[in-house]
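Enquirer: need a structure here:
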Amino acid sequence: MTDNNQKNQEKPQEHKEEKANEEKNNDKKHEEKEISVEQKLKDTEDKLLRSLAEIENQRRRFEKEIKDAFEFGSYNFAKESLAILDNLERAKIAIRNDSVLKENKDLDKFLSNLDIIERDLSSIFEKNKIKKIDTKNKKFDPNIHQAMSEIEDNKVESGTVLQEIQAGYMFGDRLLRPALVAVAKKTIQKDEKNKEKKD
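Expert: Presented below is the predicted three-dimensional model:
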């Protein structure tokens with residue numbers, strides 16, 4: 001009997017211990033759930049912030065592309081249009097040098113009309129941010145000039161642009177076409193040449 005009483009007393013105690021263990025396990029699971037919910041919330045917030053940053057970057061990229069398209073969308077058209085001015089200039093030179101046309105009394109009127117067309121085209125270009133590069137007596141700049149030849153000249157500083165072969169143009173801040181130029185170089189004196197030969 002005493003054995004049965006002892007067993008009965010042990011059972012409720014075991015039962016209490018089991019319940020306590022279960023409660024501990026439940027508390028741990030509940031804490032894990034709370035931690036995982038907090039962690040999930042943090043992860044979701046992090047993903048949301050990344051997505052928002054990506055959307056913002058994409059918006060800025062699109063704005064820049066739209067701005068560039070407005071500013072430089074006509075870049076190729078402008079570059080191709082320069083041929084009109086070039087051909088107009090060539091036509092004027094050819095007409096002036098033509099021996100038959102030189103004798104025509106209306107030659108000056110015709111050339112003045114071509115000058116008007118050329119001025120109008122230049123004016124349209126300037127209104128659209130296309131400006132001719134000034135080369136006269138400027139120092140050679142490889143960013144906007146392309147040297148086609150060198151001319152010996154001691155009167156000016158070496159590297160000075162002496163002659164413009166073909167006009168260059170800027171489109172806003174961008175180079176549309178470099179100016180083709182002839183650049184000054186110092187002449188070598190005969191005495192210096194003789195010294196170099198002796199050496």
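
Enquirer: and the gap between Glu62 and Gly73?
Expert: Check again: residue 62 is Phe, not Glu. Phe62 sits 15 Å away from Gly73, going by Cβ to Cβ, to the nearest Å. Every residue, glycine included, has its C-beta placed from N, CA and C.

Enquirer: counting contacts, what elements does the one helix or strand Ser112 maps to pack onto?
Expert: When secondary structure is defined using DSSP states H and E, the element that contains Ser112 is helix 107-127. Secondary-structure packing of helix 107-127 (3 or more Cβ pairs under 8 Å, 6 or more residues apart in numbering; DSSP states H and E): helix 75-97, strand 130-132.

Enquirer: just want the angle from that helix to helix 75-97.
Expert: Here the directions of helix 107-127 and helix 75-97 differ by 160 degrees (axes from the mean of the first three to the mean of the last three Cα atoms, to 10 degrees).

Enquirer: list the buried ones in helix 107-127?
Expert: Neighbour counts using 16 or more other Cβ atoms under 10 Å place 118, 121, 125 of helix 107-127 among the buried residues.

Enquirer: could those residues go into TSV alongside pLDDT?
Expert: Shown next, in TSV, are the buried residues of helix 107-127 (pLDDT from 0 to 100):
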residue	pLDDT
Glu118	90
Leu121	91
Phe125	90
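
Enquirer: hang on, Ala179 packs against Gln166?
Expert: Yes. Assessed by Cβ atoms under 8 Å, Ala179 is found in contact with Gln166 at 6.9 Å.

Enquirer: so between these two, which is more surrounded?
Expert: Under the neighbour definition other Cβ atoms under 10 Å, Ala179 and Gln166 were set side by side, and Ala179 has more, 24 against 14.

Enquirer: check contacts around the nearest residue to the more buried one once chain neighbours are set aside.
Expert: Take Ala179 and drop its neighbours on the chain: the residue closest to it by Cβ to Cβ, 6 or more residues apart in numbering is Gly168, 2.9 Å away. Gly168 makes contact with 132-133, 135, 144-146, 175-180 under the criterion Cβ atoms under 8 Å, 6 or more residues apart in numbering.

Enquirer: buried subset of those residues?
Expert: Buried by 16+ other Cβ under 10 Å: 132-133, 135, 144-145, 176-180, out of the contacts of Gly168.

Enquirer: okay, the helices and strands packed on helix 107-127, which one's buried deepest?
Expert: Mean neighbour counts were taken over the helices and strands packed on helix 107-127 using mean count of other Cβ atoms under 10 Å, and the top value, a mean of 18, falls to strand 130-132.
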